[in-house]
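Student: here you go, sequence then predicted model.
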Amino acid sequence: MSRQTQSDAWPDLAGRLVGEGRAKSHILPVRVYFEDTDLSGLVYHGSYVRWCERGRSDFLRLLGNDHRALDAGTAGREPAAFVVRRMRLEFLKPAHIDDVLEIETRVKEVGAATLTLQQTVARSGVHLFEAEVMVVLVGRSGKPQRLGRLLREALAVA
């Protein structure tokens, strides 16, 4: 199955973009499975970090900045990837097996080579977890790269 056919078959697999301009955000639905919990039956703290990673990745993918394109070094740019520089995490309330959660990702700040994102994990509108994550676009050489024009336009911050 080609990539295009896969995305057509599962159009909501990467969640969805909501809002416009600076108010644009991304919502990724997640169900809590047994593997996401610890011995207490509550969601293991590392699961929230994994879900937020998926939310950030799908947000950027839906904006046209997928990992494969960055790694390929398109448009004459050095191959690059977004790497986490800083995370601030707040565990507010527990989630449980079979809960359906929404991971929301939105842009807080855009720098020359950085994106700072606000993320929440919520159940029925109640915030269970909050994260502020700064990522840096880094080339294979290890040096930060400026965010491209297309990404800035997609984020409505050009």
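Tutor: Sure, I can see it.
Student: for the longest strand anywhere in the chain, buried residues please.
Tutor: Looking across the chain with DSSP state E, the single longest strand is strand 126-139. Neighbour counts over strand 126-139 (16 or more other CB atoms under 10 Å) mark 128, 129, 130, 131, 133, 134, 135, 136, 137, 138, 139 as buried. (Glycine included, C-beta is placed from N, CA and C.)
Student: so where do the strands sit in this structure?
Tutor: 16-18, 25-31, 80-91, 100-110, 114-123, 126-139.
Student: which one of the ones you listed is the most hemmed in?
Tutor: Of the strands of the chain, the one with the most neighbours on average (mean count of other CB atoms under 10 Å) is strand 114-123, at a mean of 20.
Student: who are the packing partners of it?
Tutor: On a contact count with 3 or more CB pairs under 8 Å, 6 or more residues apart in numbering; DSSP states H and E, strand 114-123 meets helix 45-62, strand 100-110, strand 126-139.
Student: point to the residue nearest the middle of the chain.
Tutor: Geometric centre of the chain, nearest residue: residue 56, 0.8 Å, by CA atoms, centre = their mean.
Student: distance of it from residue 135?
Tutor: Separation of residue 56 from residue 135 (CB to CB, to the nearest Å): 7 Å.
Student: common neighbours of these two, please.
Tutor: Both residue 56 and residue 135 are contacted by 82, 117, under the criterion CB atoms under 8 Å, 6 or more residues apart in numbering.
Student: on that earlier part again, okay, the helices and strands packed on strand 114-123 in CSV with distance to residue 151 and mean pLDDT next?
Tutor: As requested, these are exported to CSV (distance: least, CB to CB, whole Å; pLDDT from 0 to 100):
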stretch, distance to residue 151, mean pLDDT
helix 45-62, 8, 96
strand 100-110, 9, 96
strand 126-139, 9, 97
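Student: picking up where we left off before, which of the buried residues of strand 126-139 sit farthest apart?
Tutor: Across the buried residues of strand 126-139, no pair lies farther apart than 128 and 139, at 35.9 Å, counting by CB to CB.
Student: thinking residue 83 is in contact with residue 140, fair?
Tutor: No - Residue 83 is beyond contact range of residue 140, at 11.6 Å (criterion: CB atoms under 8 Å).
Student: list the contacts of residue 71.
Tutor: Contacts of residue 71 were listed using CB under 8 Å, 6+ apart, and they are 79, 80, 81.
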